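1. pasting the structure only:
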């Protein structure tokens, strides 16, 4: 009787072969997790702490109760459909933050350069924080609080309008970040516009974080800390 309990008859022989591991592009020798299959623009297999498991998708993950807070284990027991939903939810969040950061990376130094001259010409008080710094979470003083509140309300309206898209993501009927906005038809002119957008957005997120941290520690505007990058030659 014991000889009959071979791995195949016991059910072990039917285990599907392990999926081929994909090399991750963000670090030499790293391996991309199975749920990052390279189908999204800019996917280099980067999620060393399985942060994608935190995506608040509506469907529950099979077996999540017993894996608890172990994010990697939660992604292992998740169904392929749930993994895809979590990945797309995170891409939706990433692309939104990337777009805001690209606008901020340009607007931040421009506000610090132009606020002073425009305030003097128009006879209005400055909208900058102490030290000529752009308003940020680390530098709020004066009338900026009201502006930040208005910006937060506008962002909330956009979030509410696109909330169903984010929570109802499926692998087929929605592209993360697609708001139908392309008045110049740029996407049809170049096939890699999605990749270009996410790459520029990631750099912008790092840049804006750097601006905020630098100004917090030094207490001066970033355009004054590195004038060679922001002031035209001869106008220092």
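-> Happy to help now that I have it. A quick note: this is a predicted structure, and the numbers were derived from the prediction, not measured.
2. thought residue 205 was touching residue 98?
-> Yes: with contact defined as CB atoms under 8 Å, residue 205 counts as touching residue 98 (6.2 Å). (Glycine included, C-beta is placed from N, CA and C.)
3. Lowest-scoring secondary structure element of the protein by mean pLDDT?
-> Every helix and strand of the chain was ranked by mean pLDDT, DSSP states H and E. The lowest is helix 64-67, at a mean of 50.
4. by contact count, what packs against the lengthiest helix in the chain?
-> Looking across the chain with DSSP state H, the single longest helix is helix 80-122. Counting contacts by 3 or more CB pairs under 8 Å, 6 or more residues apart in numbering; DSSP states H and E, helix 80-122 is packed against helix 144-167, helix 193-218, helix 222-225, helix 227-230.
5. how about TSV for these, with mean pLDDT and mean neighbour count added?
-> Formatted as TSV, those follow (pLDDT from 0 to 100; neighbours: other CB atoms under 10 Å):
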stretch	mean pLDDT	mean neighbour count
helix 144-167	68	12
helix 193-218	92	16
helix 222-225	87	18
helix 227-230	83	11
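6. how deep is residue 85 tucked in, by neighbour count?
-> 22 (other CB atoms under 10 Å).
7. Can you tell me, leaving aside adjacent residues, what's nearest to it?
-> Once flanking residues are discounted, residue 85 sits nearest to residue 57: 4.5 Å by CB to CB, 6 or more residues apart in numbering.
8. Also residue 195?
-> residue 41 (4.3 Å).
9. cool, residue 155 as well?
-> Per CB to CB, 6+ apart, closest to residue 155 is residue 100, 8.0 Å.
10. Compute the distance between that neighbour and residue 87, please.
-> Here residue 100 is placed at a distance of 21 Å from residue 87 (CB to CB, to the nearest Å).
11. Next: residue 109.
-> Between residue 109 and residue 87 the computed distance is 34 Å (CB to CB).
12. who's more crowded, those two?
-> Each of residue 109 and residue 87 has its neighbours counted (other CB under 10 Å); residue 87 has more, 25 against 20.
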